[in-house]
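Enquirer: Return atomic coordinates for the entry below.
(chains A, B, C and D)
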Protein chains: 2
Amino acid sequence: MARLDRAAVLAGAWAFIEVHGLDALTMRKLASSLGVNHGTLYWHVESKQALIDALADDVLEGVVDRRETGSVGIARLLELAYSLRAALLTHRDGARVLAGTFVRQPNTLAFGEAAIGAAREAGAGDRDAVLLAFSVQYYVTGFVIEEQAAHDLLRTEAAHERAEIAAERFPLVAAGLRTLRNTPRDNQFDYGLKLLVRRQEDPR
Amino acid sequence: MARLDRAAVLAGAWAFIEVHGLDALTMRKLASSLGVNHGTLYWHVESKQALIDALADDVLEGVVDRRETGSVGIARLLELAYSLRAALLTHRDGARVLAGTFVRQPNTLAFGEAAIGAAREAGAGDRDAVLLAFSVQYYVTGFVIEEQAAHDLLRTEAAHERAEIAAERFPLVAAGLRTLRNTPRDNQFDYGLKLLVRRQEDPR
DNA sequence: ACCTGAACACCGTTCAAGT
DNA sequence: ACCTGAACACCGTTCAAGT
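Expert: Below is the predicted model:
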């Protein structure tokens, strides 16, 4: 068994979350899944919270760099948003891991920097560029949190008791969910994103 | 000491969260804050998770009804968004309580129903109305989660170590945060919201 | 109907002691 | 430098027994 290091602890944590979910993550269970006494983890990581903070920054690893396709302005901003969602979806409960803590670590800041930069390239003024970039970020986070929460629910809940919405009391929601079931997730995501970004792209 | 009931447990939980935050909430501490043996809570509430689910729906209590001002269409949709944010801000960690679980309970559904209805009044087609209403919801959730996370952080972290962003590496973020500090939260919120809702309001 | 007390199977964190 | 073992102060949940 190779010696443990911080990276191995993070990888082990992701593997555990993948199988059991964030809520089931425990220092003791994580340790035993790594074949190590649970006290050992504290040599590599300061606390459980510090571990989760590290996971949060880890989610965003490479989001900015991986898709350096040379696009600029609004196209780049859209690309960053897609890339952010993809990164959050890479790991189970990724959005909750990131949103749970107010992270100010390298990758988070790098994303903000790239997003504001893209908005500026699109011709937005100082203030508008920041507000637009952050609005996109809020939307992406909110979208994926709900996306993954729904996914986790269906994972645990028996499919047959999918809690049919009381169609008499909430007809629009009931019909709406049927509509969404026929609309690919990517398109749903795109819809709101394009609304946020529209005027800059196509000011008619 | 008046007899405990389910409503008193919920109220006690909110009071506890207000002071100590969601992460510190414990069935045992909650029980002792209510002056009761901790086993007792399980008479009123099925489990800690069920308690949190109940809190989640409780956050949205009255969001739809409280502000029945008679406005319709986009104006009503905006009103619902403001009302939703206000409700989430009413309780500490309100957004995390709501977003943590995928709730399908009365108040959540009522909000969806009202939002889709408003979008339809604005002239959106079946599909667009649903997508727009949900996009607004994602944005509001994402915004307030970040808003409250930042607030909790400043509550606990000594003000003097506000982790000045490395301005050399992330100049746009550093300048952006200064800009935001001079922009009222309500205006920041409004900015993205209006982007989402713009075309319907002012299709030029 | 509501509550207590005690038990059970867990937690996160610390730290001397080993290698 | 990294890990074990044991301890400490906690958890959520259950359930007989009381009133």
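Enquirer: Only C-alpha atoms from now on, for both contacts and neighbour counts.
Expert: Will do.
Enquirer: If we ignore the residues flanking it in sequence, what's nearest A:Trp14?
Expert: Closest residue in space to A:Trp14, ignoring its immediate chain neighbours: A:His91 at 7.1 Å, by CA to CA, 6 or more residues apart in numbering or on different chains.
Enquirer: Just give me the neighbour total for A:Asp65.
Expert: If you count neighbours by other CA atoms under 10 Å in any protein chain shown, A:Asp65 ends up with 13.
Enquirer: and it, what element?
Expert: Here A:Asp65 sits within helix A:63-66, counting by DSSP states H and E.
Enquirer: the helices in chain A, which residues?
Expert: Counting by DSSP state H, chain A has helices at residues A:6-20, A:27-33, A:41-44, A:48-59, A:63-66, A:73-90, A:94-100, A:106-121, A:126-156, A:171-181, A:185-201.
Enquirer: Please identify which of the ones you listed is closest to B:Val63.
Expert: helix A:171-181 (16.6 Å; CA to CA).
Enquirer: tell me what the helix-or-strand element of chain A with minimal mean pLDDT is packed against?
Expert: For chain A, the helix or strand with the lowest mean confidence is helix A:63-66, at a mean of 83 (criterion: mean pLDDT, DSSP states H and E). Contact analysis of helix A:63-66 by 3 or more CA pairs under 8 Å, 6 or more residues apart in numbering or on different chains; DSSP states H and E lists helix A:73-90, helix A:106-121 as its packing neighbours.
Enquirer: Quick one: mean pLDDT for the first one?
Expert: Yep, that's helix A:73-90 we're talking about. The pLDDT scores in helix A:73-90 average 97.
Enquirer: repeat for the shortest one
Expert: Confidence for helix A:106-121, expressed as mean pLDDT, is 95.
Enquirer: Does it reach chain B?
Expert: Yes. If you take CA under 8 Å from any CA of the partner chain as the test, helix A:106-121 does meet chain B, through A:109-110, A:112-113, A:116-117.
Enquirer: Which one, of the helices and strands packed on helix A:63-66, ends up nearest to B:Gly70?
Expert: helix A:73-90 (36.3 Å).
Enquirer: then that closest one to CSV, C-alphas only?
Expert: C-alpha atoms of helix A:73-90 as CSV (Å, rounded to 0.1, in the frame of the first residue of the first chain):
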residue,chain,number,x,y,z
GLY,A,73,-16.3,38.0,-25.2
ILE,A,74,-19.8,36.5,-24.8
ALA,A,75,-18.7,33.3,-26.5
ARG,A,76,-16.0,32.9,-23.9
LEU,A,77,-18.4,33.7,-21.1
LEU,A,78,-20.8,31.0,-22.4
GLU,A,79,-17.9,28.6,-22.7
LEU,A,80,-16.9,29.3,-19.1
ALA,A,81,-20.5,28.7,-17.9
TYR,A,82,-20.7,25.4,-19.8
SER,A,83,-17.3,24.4,-18.4
LEU,A,84,-18.4,25.3,-14.9
ARG,A,85,-21.5,23.2,-15.1
ALA,A,86,-19.5,20.3,-16.6
ALA,A,87,-17.0,20.5,-13.7
LEU,A,88,-19.8,20.5,-11.1
LEU,A,89,-21.4,17.5,-12.7
THR,A,90,-18.1,15.6,-12.8
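Enquirer: Quick check: buried residues in the helix holding A:Asp65?
Expert: Across helix A:63-66, burial judged by 16 or more other CA atoms under 10 Å in any protein chain shown covers A:63-64.
Enquirer: which ones are touching the residue nearest to A:Trp14?
Expert: The contact partners of A:His91, taken as CA atoms under 8 Å, 6 or more residues apart in numbering or on different chains, are A:14, A:18, A:59.
Enquirer: send the alpha carbons of stretch A:48-60 over as PDB?
Expert: Provided in PDB are the C-alpha atoms of stretch A:48-60 (Å, rounded to 0.1, in the frame of the first residue of the first chain):
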ATOM      1  CA  LYS A  48     -13.200  17.700   8.000                       C
ATOM      2  CA  GLN A  49     -14.200  21.200   7.000                       C
ATOM      3  CA  ALA A  50     -10.700  21.900   5.600                       C
ATOM      4  CA  LEU A  51     -11.100  18.700   3.600                       C
ATOM      5  CA  ILE A  52     -14.400  19.900   2.100                       C
ATOM      6  CA  ASP A  53     -12.900  23.300   1.300                       C
ATOM      7  CA  ALA A  54     -10.100  21.600  -0.500                       C
ATOM      8  CA  LEU A  55     -12.700  19.500  -2.400                       C
ATOM      9  CA  ALA A  56     -14.500  22.700  -3.300                       C
ATOM     10  CA  ASP A  57     -11.500  24.200  -4.900                       C
ATOM     11  CA  ASP A  58     -10.700  20.900  -6.500                       C
ATOM     12  CA  VAL A  59     -14.000  20.800  -8.300                       C
ATOM     13  CA  LEU A  60     -13.000  23.900 -10.300                       C
END
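Enquirer: still on that earlier bit, contacts for the least confident helix or strand of chain A next, please.
Expert: By CA under 8 Å, 6+ apart, helix A:63-66 touches A:80, A:83-84, A:87, A:107, A:110-111, A:114.
Enquirer: hmm, back to that, how about CSV for the contacts of A:His91, with neighbour count added?
Expert: Converted to CSV, these look like this (neighbours: other CA atoms under 10 Å in any protein chain shown):
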residue, neighbour count
A:Trp14, 23
A:Glu18, 15
A:Val59, 23
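Enquirer: Of the residues you listed, just say which sits nearest to DNA strand D.
Expert: Within the contacts of A:His91, distances to DNA strand D taken as CA to the nearest atom of the strand reach their minimum at A:Trp14, with 17.8 Å.
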